[in-house]
Every structure is written in C-alpha cells, then in structure tokens.
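Undergrad: Here is the input, now give the coordinates:
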Amino acid sequence: MTSLALTGLSGFCQGAERIGRVGAVVMAFGMPTSMTITSLGAVMMLVGWLASLSFQDTLRYTRDSRVARGIGLIIIIATVGWFYADAEVRHTVRAYTSYAKYGLVVIMAYLLRDDLWLKRTFAAFVLGVIFTMACTILALWSPVPWAASQASGWGNDLSVVSNYIVQSLTFVGFIWYAVGVIADSASERNKRAVHLLLAFGALFSVVFLLRGRTGLMAILLSAVVITLVFAPKYKILFGLSVLGALVGMVAWSPTLWPSLQQGWGQLLHFEGLQTATNSWGARLSMYLLSWDLISQAPLFGHGLGDYRTLSLAFYEDKAMQGISAVHPHNQFLFAWVELGLAGILVWCYLLWGIFRDSKSSSMAQQIFAMGVLLTLTADSLFHAPVWMGNERNIFIVLLGLSTAASLNSQQKSRSRYGG
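TA: Residues are numbered from 1 along each chain as shown. So this is what the prediction gives:
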C-alpha cells in the first residue's frame, strides 16, 4: 500500500512539474506577444513547481548559480528592509512582491534543466518575437487591432506589446540570442542565415519603428561591449565601427532621433527639482533627490517602499508626484535609497553573476548572457526592471533562459569530467 501511494505521489509530482515546464514555454512565448499570456505562463509555472514538491531539489540544483544567490540575497535584504520601513503597508507589500517575483528565475532555471525543454522554451521565445516583429512591420501600412500604439506609417511609434520600452528591450534581448546562434560554429548554415535575417529585423524595428530610448541605450551599450569582448581581432577598430554604424542608423531614424533631440533639450532647459515634469528633466530631478536621500541613510537605507513616501513628501506639484513619486527611474539608486549599501551591492552582484555563470557555456550562450546582462544594466540605469511589472516579466524570462543554459552547461561539464 505504501509503495502504491509513493508511486502515485511520484506520478503526481512528475505531472505537476510538466505543467510547470509548459508554463515556462507559455511565459517565453507571451513575453514578446502578450503580457496576459506571460502572466498565465508565470502562474502555471509557479503552481506546477509548488505542486511538484521539488523545493530541496531546486535549491540543490541552483546552489552554484551566482544569479540564484543574488536573487536570494536581494529577497532577504528586502525582507530585512521591511522591518524598519515607514511606508504604508500596501506600498511595502507591493515593493516586496516586486523583488520576490524574481524568484521565478530560479524556478524556471530548475524546470528547464532538461535540454529538450530548454530548447522548446527558446523556440517559443523566438516564435513570439517573430509574431510581434511581423505585426510591427505590418503596422507601416495598417495597425493590427491589438497593437498598443494603434499607429501606422513611417515616422510613428509602432509598438505592439504594452509600450515601446517593453518591446524594444525584448527585441534587444532577442538580437543577442540570434547573434549567439550566428556566432556558434555548430549552427547549420541555413539556421545562421535565418537568425541573421531575424536579428536585422529586430534591430530595424528598435531603431526605426519604435520610440524607446531605453532600448536604444541597451543596444548601443551591448553592441560595443560585446564586440570588444568577443571580437577576436581589431577589437577597438571593430567596436568603433559598430558604434559608428549604429549612431548613423539612429541619426537617420524618424522616431529615435527626434526623441533624442527632445530629451537633450529637456536637460538643457532643466528648471529645478520641483518643476521638471518632462521625461529627461524629471529623471534628473529624481536622480538628484535620490542622491540627497542616500546621503541621509547611506548604509541601511530608509526602508522598503520608503522612496514613495519620501518623494511624495518632497514634491509639491501634483504632476511631479505622479511622475516621480513611484520609483526614481534608476534601479541602482532605488535599491540604495530603500535597502542601503547592501541593496545596491547585491544588485551589482546579480549583474556580475549573469556574466560569471556563463563562462563555462558555449560561445552562443555567453553572447546571449552578456546581452541579457547589458540590457538589464541599461534598463537599471534609466528605468525600473524591478518595479514595472512588464519589464520585470522580460527579465524573468531572459534571466531564466540564460541561467538555465549556464546551469545545464555546468552539469554537463561535471558529468564529462566525473564531478
């Protein structure tokens, strides 16, 4: 009887884990196409993992991942920050869940420890990008009914999913996945050609069809750094050539170039912390306020969720409160203001861990991981990859895929050398 019960429990756990894996596939497809599908996939993944009762196995499998450690540490620090927070409970809960949801990265990495499921999840991500890219290009003539921008024609923002920031960051992450496939000597010639075409389509969309300056910063930063790190010869010359080509494309762009000129004008006409209600002016105001708040509590921070409380008390204008009182549009400053020095150091450790974990992986996986790292870094400098739910979903998927690939490579190395 006991043996029969154990067999039944084992079958149930395996079925639950399969649901979690299907959830990871759904989430990867939904991330470039629909945030509703992404949320559905996240729920399936979490419920399947919880029902599989594989908590110890997850910790054992991911314990060597620096990304997993970084996520665990930031959740612990957020928990400690809750105890000395002065914010309203609802704001503290929102801030805590924003950090805690990154735990899905660890769950996804564990569920995708099987290469077959990892390939399926990558394939779902690629299919999602192809679908959204096609809809974006189609909007040059006529917008699709579900497009976020509902615009059409050259010179307009043609974002389909959520907003231009989310879509541009998603496409940048995909570009580096495609570049990794192209650079992989094991890839078939036809596969390389297809991914080259897709990478060009994604780059064309980011530069010419979307208005997201955050995506632009991500592609510029990642293009230069990845070229310098991975190009074997003439690194500096090649890096400058890549940067020059991208700058030339941006200068020709009917969406990004006017947007950059507008932002520069906003900085030049900055009127002060209380009245900078435009995009770049408000960011400068938030950065200056954040530095002041950090100087007041540099070691331990003010407490989880307290940026909102402190910024609402500082800003007098209702418009500034609406723009600047939620998060400072910089994750490094955000973590330091609320969680102190430990907060920003652990966030930096998490970023470093993405690169370090991939060192034992193939060239393709290393390029993808570096692309994820630099895209997350760019978003951390100019926006809110923890606070904003749609951006958080992007990086849960990208980090989950890169961490799973790195851990799978580590496991293969151990098996090969008897570790």
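Undergrad: roughly how far apart are the closest residue in space to Ile71 that isn't next to it in sequence and Ala231?
TA: Distance criterion C-beta to C-beta, 6 or more residues apart in numbering; nearest residue to Ile71, sequence neighbours excluded, is Tyr102 at 4.9 Å. Quick note: C-beta positions are derived from backbone N, CA and C, even for glycine. Per C-beta to C-beta, to the nearest Å, Tyr102 is found 32 Å from Ala231.
Undergrad: For the host helix or strand of Tyr61, buried residues please.
TA: Assigned by DSSP states H and E, Tyr61 falls within helix 55-62. Under the neighbour-count criterion of 16 or more other C-beta atoms under 10 Å, helix 55-62 has 58, 61-62 buried.
Undergrad: can you check stretch 65-78 too?
TA: Buried residues in stretch 65-78 (16+ other C-beta under 10 Å): 65-75, 77-78.
Undergrad: Which parts of the stretch 151-300 of the chain are strands?
TA: Applying DSSP state E, counting those that start in this stretch to the stretch 151-300 of the chain gives no strands.
Undergrad: Could you list the low-pLDDT ranges of it?
TA: Residue ranges of the stretch 151-300 of the chain with pLDDT under 70: 187, 232-243, 245-247, 249-257, 259-270, 272-279.
Undergrad: now with 80?
TA: The stretch 151-300 of the chain contains residues with pLDDT under 80 at 162-163, 185-187, 212-213, 228, 230-282.
Undergrad: which residue ranges form the helices in it?
TA: 164-183, 189-204, 213-230, 235-252, 256-268, 279-296 (DSSP state H, counting those that start in this stretch).
Undergrad: would you list the ones you listed in a markdown table and tack on mean neighbour count and distance to Pro385?
TA: Formatted as a markdown table, the helices of the stretch 151-300 of the chain follow (neighbours: other C-beta atoms under 10 Å; distance: least, C-beta to C-beta, whole Å):
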| stretch | mean neighbour count | distance to Pro385 |
| --- | --- | --- |
| helix 164-183 | 26 | 9 |
| helix 189-204 | 16 | 19 |
| helix 213-230 | 20 | 10 |
| helix 235-252 | 13 | 22 |
| helix 256-268 | 15 | 20 |
| helix 279-296 | 18 | 15 |
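Undergrad: what stretches of the stretch 1-150 of the chain score poorly on pLDDT?
TA: 1-10.
Undergrad: what residues are up against the closest residue to Met217 other than its chain neighbours?
TA: Leaving aside its sequence neighbours, Met217 sits nearest to Ala378 (C-beta to C-beta, 6+ apart; 4.6 Å). Contacts here follow C-beta atoms under 8 Å, 6 or more residues apart in numbering; on that basis Ala378 touches 214, 217-218, 221-222.
Undergrad: so the closest residue to Ile294 other than its chain neighbours is in which element?
TA: Excluding the flanking residues, the one nearest Ile294 by C-beta to C-beta, 6+ apart is Trp336, at 5.2 Å. Trp336 belongs to helix 331-357 when assigned by DSSP H and E.
Undergrad: thought Tyr61 was touching Leu112?
TA: No. Contact criterion C-beta atoms under 8 Å: Tyr61 and Leu112 do not qualify, at 10.7 Å.
Undergrad: can you give me how far stretch 186-206 is from the chain middle?
TA: Centroid separation for stretch 186-206 versus its chain: 21 Å, with C-alpha atoms, centre = their mean, to the nearest Å.
Undergrad: residues making contact with it?
TA: 126, 129-130, 133, 136-137, 158, 167-168, 171-172, 174-175, 178-179, 181-182, 212, 215-216, 219, 249, 362, 364.
Undergrad: just to revisit the earlier point, list phi and psi for the residue nearest to Ile71.
TA: phi -70, psi -10 (degrees, to the nearest 10).
Undergrad: Ok, Val67 next?
TA: phi -60, psi -50.
Undergrad: roughly how far apart are it and Ala218?
TA: Distance from Val67 to Ala218, by C-beta to C-beta: 19 Å.
Undergrad: now swap in Leu399 and tell me
TA: Relative to Ala218, Leu399 is positioned 15 Å away (criterion: C-beta to C-beta).
Undergrad: With Thr132 instead?
TA: Counting by C-beta to C-beta, the gap from Thr132 to Ala218 is 17 Å.
Undergrad: cool, Leu40 as well?
TA: Shown here: Leu40 relative to Ala218, a distance of 27 Å by C-beta to C-beta.
Undergrad: Repeat that for Phe200.
TA: 17 Å.
Undergrad: Gly343 now?
TA: Relative to Ala218, and taking C-beta to C-beta, Gly343 is found at 23 Å.
Undergrad: what do you get for Ala178?
TA: Separation of Ala178 from Ala218 (C-beta to C-beta) stands at 15 Å.
Undergrad: nearest to Gln331, of the buried residues of stretch 65-78?
TA: If you rank those by distance to Gln331 using C-beta to C-beta, Ile74 comes first, at 10.6 Å.
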